[in-house]
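Visitor: Fold the following, please.
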Amino acid sequence: MNPNELLEPIAAPFRDMGIPDVVTQWGHPVMMGIVVVVMGSFVAWTGWRGRLAEDKETSMQSRSSHRKLAPLMEVFMFLGYTGGVLSLAIQKEPVFSSPHFWTGTMVLVLLFVQGISSRRNFWGNNADLRMTHAYIGSTLMLLLVVHTILGIKFGLSLG
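Guide: Have a look, this model is predicted:
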């Protein structure tokens with residue numbers, strides 16, 4: 001059974017609601033754009049600021065902000081991923097056919113890795129793990145740029 005067949009019982013009621021096509025097609029990109037630009041950039045900025053700030057108070061405040069907001073960003077990314085998949089099902093588009101779907105999947109996997117790597121104060125304040133976490137986070141932000149470009153291209157192809 002393909003994913004669209006599995007999602008059809010969920011997608012059909014949304015399709016029957018008469019939601020305007022523009023909302024179904026562009027709602028996910030607009031909402032996720034806000035999450036990526038606002039939350040993603042803040043999480044990345046506070047993460048690096050926490051690492052690089054020479055002032056201890058600034059560093060601790062940035063780390064605290066990063067620690068509080070990063071898990072929320074992960075939740076919003078997961079919800080956005082789910083919404084994007086559902087949007088495809090509502091539009092009767094094949095879920096697995098888009099590179100945008102696969103980059104979104106990679107984003108969630110990397111976010112999960114980031115969450116695990118930072119548990120218990122980086123597993124005993126492991127400096128190598130902290131460094132790896134920072135660079136995976138930066139790679140994640142670059143992947144989100146690629147994901148956004150692929151998403152815009154994909155969205156325009158649906159119109």
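Visitor: By mean pLDDT, which helix or strand of the chain comes out lowest?
Guide: Taking all helices and strands of the chain together, the one with the lowest average confidence (mean pLDDT, DSSP states H and E) is helix 119-125, at a mean of 74.
Visitor: Run through the neighbouring helices and strands of the helix or strand just after that helix.
Guide: Past helix 119-125, further along toward the C-terminus, the next helix or strand under DSSP states H and E is helix 127-158. The contact analysis (3 or more C-beta pairs under 8 Å, 6 or more residues apart in numbering; DSSP states H and E) places helix 127-158 against helix 21-34, helix 41-52, helix 99-117, helix 119-125. Yep, even glycine has a C-beta here, placed from its N, CA and C like the rest.
Visitor: Which among those helices is found nearest to residue 1?
Guide: Proximity to residue 1 (C-beta to C-beta) singles out helix 99-117 among the helices and strands packed on helix 127-158, at 17.4 Å.
Visitor: Buried residues, the closest one. List them.
Guide: 100-101, 103-104, 106-107, 110-111, 114, 117 (16 or more other C-beta atoms under 10 Å).
Visitor: Likewise for stretch 60-75?
Guide: Along stretch 60-75, these residues count as buried under the neighbour rule (16+ other C-beta under 10 Å): 62-63, 65-66, 69-70, 73-74.
Visitor: Nearest to residue 34 among the residues you listed?
Guide: For residue 34, the closest of these turns out to be residue 73, at 11.5 Å, with distances computed as C-beta to C-beta.
Visitor: To what extent is the closest residue to the closest one other than its chain neighbours buried, counted in neighbours?
Guide: Sequence neighbours aside, residue 39 is the residue nearest to residue 73 in space, at 4.4 Å (criterion: C-beta to C-beta, 6 or more residues apart in numbering). For residue 39, the tally of surrounding residues (other C-beta atoms under 10 Å) stands at 17.
Visitor: Could you check which helix or strand contains the residue nearest the centre of the chain?
Guide: A centroid search over the chain (C-alpha atoms, centre = their mean) returns residue 77, at 3.6 Å, as the residue closest to the centre. For residue 77, the host element (DSSP H and E) is helix 56-90.
Visitor: other SSEs contacting that helix?
Guide: helix 3-16, helix 21-34, helix 41-52, helix 99-117.
Visitor: what would those helices look like in JSON lines with mean pLDDT and distance to residue 157?
Guide: Below are the helices and strands packed on helix 56-90 laid out as JSON lines (pLDDT from 0 to 100; distance: least, C-beta to C-beta, whole Å):
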{"stretch": "helix 3-16", "mean pLDDT": "92", "distance to residue 157": "17"}
{"stretch": "helix 21-34", "mean pLDDT": "93", "distance to residue 157": "11"}
{"stretch": "helix 41-52", "mean pLDDT": "95", "distance to residue 157": "27"}
{"stretch": "helix 99-117", "mean pLDDT": "94", "distance to residue 157": "10"}
